[in-house]
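Asker: Sequence plus the predicted model coming up.
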Amino acid sequence: MGRTLDIDLLRSFAAVAETGALSRAAERVGRSQAALSMQMKRLEELIDRPLLTRTGRGVLLTVQGERLLVHGRRILASHDDALAEFSGRSLSGSLRFGCPDDYAQAFLPVLLRGFAQQHPAAAIDVVCAATPRLEERLERGGLDLALVSVPRVAERAILRREELVWVTAKDATAPWPDPLPLALGDPDTLDHRAARTALERAGRAYRIAYASGSLSGLLAVARSGQAVAVLTRSAVPADLRVESRGNGLPPLPRIGLTLRLEEQHASPLTRAFTAHVRAVLPGL
């Protein structure tokens, strides 16, 4: 019979790799340090390669150990996902999910409510910020998963397409003065760049009256009637007005919504919530 990789050995090995110490890894997997050491020896014999280098501060992975960790995490993830799916058990744990403010108001209540019904023991910590800020946090490891805005033609994995629209106070009167006063998101956001590009192509003068990553701030300026804001259509509150295309403002592009995560190292909970969002969001 050929050699096989035992799930318990791989789980213990992953714990050693993540903690960097046999003592801490033993606590995590519920074994004695001596038993864990024997597991690592068995795994090295099975692989026929040295996987760990012991130092005065703990253990380090060898090159072969790093390569096995990549495969081990993938195997463990598939194993845990399959077990969760076919056992019908509810997942627990915590998940850090990033979402832009406008999408949070429009979509999050439904997404969270539906997932909580399936997995009531799961805790989802929501971080609301502009897409560039969420991608920065994701890169630093501060988020497990993020819903972000992308140019409509940027990629295939778009879950939903949204129209950018000009938004004003309901009692605002046209025509707007020159230069056109704008309330936009941060300079590196899609709404900010799309608005400026559209106006420049149309030869329309403008000035930035307010630029911020705060959705509440943008809405307050729009409600005051002092500037025109740019939002996704689904995020426009009922007390604001979407400007029609015949009012002298140029058309704006459509954008896409997609999910960002590191699939390879995602936990079963992260993958489950990702699958939930991918299934539900397009129909909202």
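Answerer: That came through fine.
Asker: list the buried ones in the helix or strand where residue 123 lies?
Answerer: Here residue 123 sits within strand 122-128, counting by DSSP states H and E. Going by neighbour count (16 or more other C-beta atoms under 10 Å), the buried part of strand 122-128 is 122, 124, 127-128. (Each C-beta comes from the backbone N, C-alpha and C, glycine too.)
Asker: so residue 60 sits in a helix?
Answerer: No. Residue 60 sits outside any helix when classified using DSSP: H, G, I helix; E, B strand; the rest coil, being strand.
Asker: Give me the distance from the strand holding residue 123 to the chain's centre.
Answerer: Here strand 122-128 shows a centroid-to-chain-centroid distance of 11 Å under the convention C-alpha atoms, centre = their mean, to the nearest Å.
Asker: just the strands in the chain please.
Answerer: For the chain, applying DSSP state E gives strands covering 52-55, 58-61, 93-99, 122-128, 145-151, 160-169, 180-184, 206-211, 228-232, 240-242, 254-260.
Asker: Between those, which one is closest to residue 268.
Answerer: For those, proximity to residue 268 was assessed by C-beta to C-beta; strand 93-99 is nearest, at 8.2 Å.
Asker: tell me the angle the closest one makes with strand 254-260.
Answerer: 160 degrees (axes from the mean of the first three to the mean of the last three C-alpha atoms, to 10 degrees).
Asker: pLDDT below threshold where in the protein?
Answerer: Scanning the chain for pLDDT under 70 picks out the ranges 1-2, 81, 84-85, 87-88, 153-156, 246, 264.
Asker: that older thread, which of the buried residues of strand 122-128 sits closest to residue 232?
Answerer: The shortest approach to residue 232 among the buried residues of strand 122-128 belongs to residue 128, at 14.4 Å (C-beta to C-beta).
Asker: beta partners for that closest one?
Answerer: Beta-bridge partners for residue 128, by DSSP bridges, are residue 99.
Asker: quick one: contacts for it?
Answerer: Contacts were defined as C-beta atoms under 8 Å, 6 or more residues apart in numbering; by that measure residue 128 touches 98-101, 104.
Asker: and the residue lying closest to residue 18 once chain neighbours are set aside, what does it touch?
Answerer: Nearest non-adjacent residue to residue 18, counting by C-beta to C-beta, 6 or more residues apart in numbering: residue 25, 7.7 Å away. Residues in contact with residue 25 (C-beta under 8 Å, 6+ apart) are 12, 15-16, 18-19, 36.
Asker: ok, now with 10 Å
Answerer: Neighbouring residues of residue 25 by C-beta atoms under 10 Å, 6 or more residues apart in numbering: 12-19, 31, 33, 36, 39-40, 58-59.
Asker: now the helices for the stretch 151-284 of the chain?
Answerer: 190-202, 215-224, 268-280 (DSSP state H, counting those that start in this stretch).
Asker: could those go into CSV alongside mean neighbour count and distance to residue 142?
Answerer: Below are these laid out as CSV (neighbours: other C-beta atoms under 10 Å; distance: least, C-beta to C-beta, whole Å):
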stretch, mean neighbour count, distance to residue 142
helix 190-202, 18, 22
helix 215-224, 18, 20
helix 268-280, 18, 14
